[in-house]
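>>> Compute the structure for the input listed below.
(chains A and B)
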Amino acid sequence: MFTSPHITRATSVRALMVKVLVALVPGIAAYVWFFGAGILVSIAIASAAALAGEAAMLRARAKPLGLFLGDGSALVTAWLLALSFPPLAPWWLVAAASLFAIVVVKHLYGGLGQNPFNPAMAAFCAMIVAFPALMSQWPAPGLPFDVQLGLILGTSRPPDAVTAATALDALRTGLREAGAKGSVPAVLASGPAFGAFGGHGWEWVSAGYALGGLWLLQQRVFTWHVPVAFLAAFALIATGFHLADPVRHASALFHLASGATMLAAFFITTDPVTGSTTARGKLILGAAVALIAYLIRAFGAYPDGIAFAVLLMDMWVPLIDRTTRPPVFGHTRK
Amino acid sequence: MKLLSYFRGETFARGIHPAAHKEMASRPIRRLSFAPRLVVPLSQHIGKPSKPLVRAGEEVVRGQPIAEADGWLSVPQHAPATGVVEAIELRPSARGPWMQSIVLRVHEGSGQEVLWRNPRDPDALAPAELVAAIRDTGMVGLGGAAFPSHAKLAVPKGATVQALVVNGCECEPYLTCDHRLMVERAADLIAGTRTAMRACGAPLAVIGVEDNKPDAAEAIRAVLPDDGSIAVEQVPTKYPQGSEKMLIIALFGVEVPSGALPISLGLVVNNVGTLVALGRLLPAGEGLIERVVTVAGAGVERPGNYLVPLGTPLAFVLECAGARGCVCELVLGGPMMGQAVASLDAPVTKGVSGVLVLRAEDLASGRRRVYPCIKCGECVESCPMGLNPSALGMLAARREYKRMASEFHLGDCFECGCCSYACPSGIPLVQSFRVAKQVLRERATA
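The predicted structure follows:
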């Protein structure tokens, strides 16, 4: 016998996590189509490490293993981490990052629901600072699977031809090398890294993420606030800079279709644990991540700034939550 | 207050849309037969228990007063059947504790006509006399709270009533008794509404009906008086629209201030079921001896809206309606705010609007695996009062009850259950708030 309410919405943490994993599939499919199956190996390594780390920490903390291993949250962290890492990163780097995310960022702060920082993004930042060269090992399209596997397992050294700069990276170095004469249109016209409107191939991976994200929105896994605020702010800022100086700044479309923009819009900034719980807080958070990410892309030392932007804004969440509480019924209006 | 700026198609913010399960809305009200024994608890209302007027072994006729009011917030009880008083003793209540009750053995041979009447002409009575007459019927709010009707309609000194709000929302899933009453007994509803308006001095009345019951609104419109003093308004279908604060904001666009009653805005709220009963009982001179109860849920063979004699044991209701399969939980009222039944020997009382027979798969508890809060904000998005159930839940887990009240407005929670319904982690939020309130109450009296 329980007290009311006697019914609940047919949902659970596990169901939410499984839906997030399913929603990643279109993006992963596009990824495999353009860049080969190496990413699947990377995802498998990250997943195995995450589950092992989760199990070890649950055991150490005397938490019910079956309940929490089955909630799917470790797998979501692992997949997002693998998808944000270069797919040719060596296995030990991915495994170490995955363990770092689960053991340090998640469990040392109290496990599911307690971590103040997004585990995947914190691990990404740690590794890009510690291993900048390995973290730029992006594959050139059409690289055979055995070469990819050799790089991941560390059995072969990368010849220059197999890796390629991402679109954001190519644009950045292209502009820098050309110096004062360089312009965005000229760089975009020159390199093999660029596709129809974003990075070559990456634009379709982004489209896959967006498709999955829209499905999650339709499934009410998260509300519209964060993705809309993030994408609208990103587009607005990029358009502003582009209109002010089209020679040095790429268009909003290029920014939305390149790098981790779409992954961030629907899968990273929407993380409930590290996000804001109020509607207004979600709008603020989404827009602020977009602003910081753009500034890092355009003026910072890294080609993409999403991970840093997410971590920087995670710090503000408690304050944002406090100041954006909705008015309590009967206390405000007359 | 801008009175009657009402219905702009808006209502309160947030809330939830649970599956309606209103399949019984098309089933006409049917009479349930008399159980061999009826149990009439002396406390079926908020306020002091009534004082018995009969002794064991005494013959009583249907409708006769068998207990009198004891104090202002108390009401009399009437015999729901012709029979003999078997005992006045402690009997189990639905909530658990045993309560002093009058046990009647029903005469099998009796035709069970109402043999005791005290007809009154509502139009001939002054408001104060009307309030006393309403009290003599033993009427309480039939929506579930069982607050004595006369006390609600007796306006405190200095207050003026601008409008009577008639609550026909019935926002709880499954329940359809009010819906059927509006459809079948619209004339009684109007009569009861006029009586209540006279008793509290309201110049006009607004009947709020959720827009998933257009036939009910239509039936009432057909019998509305020409003078325009009573209006019907459809309000959006959303849980908990039937909470009086939410209905008032939907009809008038004003919030009842925290801690205040609707009367502070010049409003008195009554449930449609209450007014239908009032409209019939007062002219007929009868006491409240029966009520309409929705018997529903996947575990019932013959669900429907039954006119049940008060005091009918729940076991008898189930026997008549037929329980099937593995019944897991019996709920009195709706699934969102109803009471799980502790004993099948407990009777149907004045405040019981529904008897729900739920199976394990219908129940929250059957699925419940409690995960930590993942701060998704679903509870925040569902709370009609604008509270933060997530923060309240974390404080409750740490037993910081005082902070819940002082910083997070625990006192404004009216326990609608939206937060627990919405939570994907299965955290019993409203349940823990109830505990917190109880602890704070006990500390305050200790």
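>>> and the end-to-end length of stretch B:331-346?
One end of stretch B:331-346 sits 12 Å from the other (C-alpha to C-alpha, to the nearest Å).
>>> Let me know whether that stretch sits next to chain A.
Yes - contact of stretch B:331-346 with chain A (C-beta under 8 Å from any C-beta of the partner chain) involves B:331, B:335-340, B:342. All C-beta spots, glycine's among them, are computed from the backbone N, C-alpha and C.
>>> doesn't residue A:255 fall inside a strand?
No - assessed by DSSP: H, G, I helix; E, B strand; the rest coil, residue A:255 does not belong to a strand; its assignment is helix.
>>> My guess is it contacts residue A:236. True?
No - using C-beta atoms under 8 Å, residue A:255 is not in contact with residue A:236, being 11.0 Å away.
>>> Between those two, which is the more surrounded one?
residue A:255 (27 against 15; other C-beta atoms under 10 Å in any protein chain shown).
>>> how near is the more buried one to chain B?
To chain B, residue A:255 is 28 Å away according to C-beta to the nearest C-beta, to the nearest Å.
>>> how about that residue, what does it touch?
A:234-235, A:238, A:261, A:294, A:297 (C-beta atoms under 8 Å, 6 or more residues apart in numbering or on different chains).
>>> Can you report how many residues neighbour residue B:328?
17.
>>> Check residue A:129 too.
11.
>>> repeat for residue B:110
14.
>>> Model confidence score at it, please.
As predicted, residue B:110 sits at a pLDDT of 82.
>>> same question, residue B:82
On the pLDDT scale, residue B:82 gets 94.
>>> wait, what's in contact with the residue lying closest to residue B:373 once chain neighbours are set aside?
Nearest-residue entry for residue B:373: residue A:113, 5.1 Å, with adjacent residues in sequence omitted and distances by C-beta to C-beta, 6 or more residues apart in numbering or on different chains. If you count contacts by C-beta under 8 Å, 6+ apart, residue A:113 has them with A:273, B:371-375, B:425.
>>> Whichever of those end up buried, select them in PyMOL.
A single PyMOL command selects the buried members of these (16 or more other C-beta atoms under 10 Å in any protein chain shown):
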select buried, (chain A and resi 273) or (chain B and resi 371+372+373+374+375+425)
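>>> May I have the helix or strand harbouring residue B:379 as CSV, with CA atoms only?
For residue B:379, the enclosing helix or strand under DSSP states H and E is helix B:378-382. The C-alpha coordinates for helix B:378-382 follow below in CSV (Å, rounded to 0.1, in the frame of the first residue of the first chain):
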residue,chain,number,x,y,z
GLU,B,378,10.3,17.6,-15.0
CYS,B,379,8.9,18.2,-11.6
VAL,B,380,9.6,21.9,-11.8
GLU,B,381,7.8,21.9,-15.2
SER,B,382,4.8,20.2,-13.7
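>>> What about residue 78, how many residues nearby?
Chain wasn't specified; assuming chain A. With neighbours defined by other C-beta under 10 Å, the count for residue A:78 comes to 31.
>>> please go with chain B instead
Count around residue B:78 with other C-beta under 10 Å applied: 25.
>>> how far away is residue A:143 from residue A:34?
Between residue A:143 and residue A:34 the distance is 10 Å, computed by C-beta to C-beta, to the nearest Å.
>>> How many neighbouring residues does residue B:96 have?
Residue B:96 has 14 nearby residues by other C-beta under 10 Å.
>>> I'd guess the residue nearest to residue B:373 is in a helix, am I close?
No - counting by three-state DSSP, residue A:113 is located in no helix; its state is coil.
>>> Could you list the residues of the stretch 201-350 of chain B in contact with chain A?
B:245, B:254-260, B:329, B:331, B:335-340, B:342.
>>> Pick the one among the contacts of residue A:113 closest to residue B:445.
residue B:373 (31.6 Å; C-beta to C-beta).
>>> and the helix or strand where residue A:45 lies, is it in reach of chain B?
Using DSSP H and E, residue A:45 sits in helix A:38-60. No - using C-beta under 8 Å from any C-beta, helix A:38-60 never reaches chain B; the gap is at least 12.4 Å.
>>> Let me know the average pLDDT across that helix.
Mean predicted confidence for helix A:38-60 is 96.
>>> Quick check: next helix or strand after that helix?
Next element after helix A:38-60 (DSSP H and E): helix A:65-69.
>>> Check which residues of that following helix are buried.
Judged by neighbour count using 16+ other C-beta under 10 Å, the buried positions of helix A:65-69 are A:68-69.
>>> Taking helix A:38-60 as reference, get the angle to whatever helix or strand comes next after that helix.
Downstream of helix A:65-69, the next assigned helix or strand under DSSP H and E is helix A:73-84. Orientation of helix A:73-84 against helix A:38-60 (axes from the mean of the first three to the mean of the last three C-alpha atoms, to 10 degrees) gives an angle of 150 degrees.
>>> packing partners for helix A:73-84?
helix A:13-35, helix A:38-60, helix A:91-99, helix A:119-130, helix A:261-263 (3 or more C-beta pairs under 8 Å, 6 or more residues apart in numbering or on different chains; DSSP states H and E).
>>> Deepest in the core, which of these is it.
helix A:261-263 (a mean of 27; mean count of other C-beta atoms under 10 Å in any protein chain shown).
>>> Show residues contacting that one.
By C-beta under 8 Å, 6+ apart, helix A:261-263 touches A:27, A:80, A:83-84, A:206-207, A:209-210, A:213, A:231, A:234, A:255-256, A:293, A:306.
>>> what about residue B:207, helix or strand, and which?
Going by DSSP H and E, residue B:207 is in strand B:205-210.
>>> which neighbours does that strand have in its sheet, and in what orientation?
Strand B:205-210 sits in its sheet next to strand B:163-168 (parallel), strand B:230-235 (parallel), going by DSSP bridges.
>>> following the first one, which helix or strand shows up next?
Once the chain leaves strand B:163-168, the next helix or strand it forms, by DSSP H and E, is helix B:177-184.
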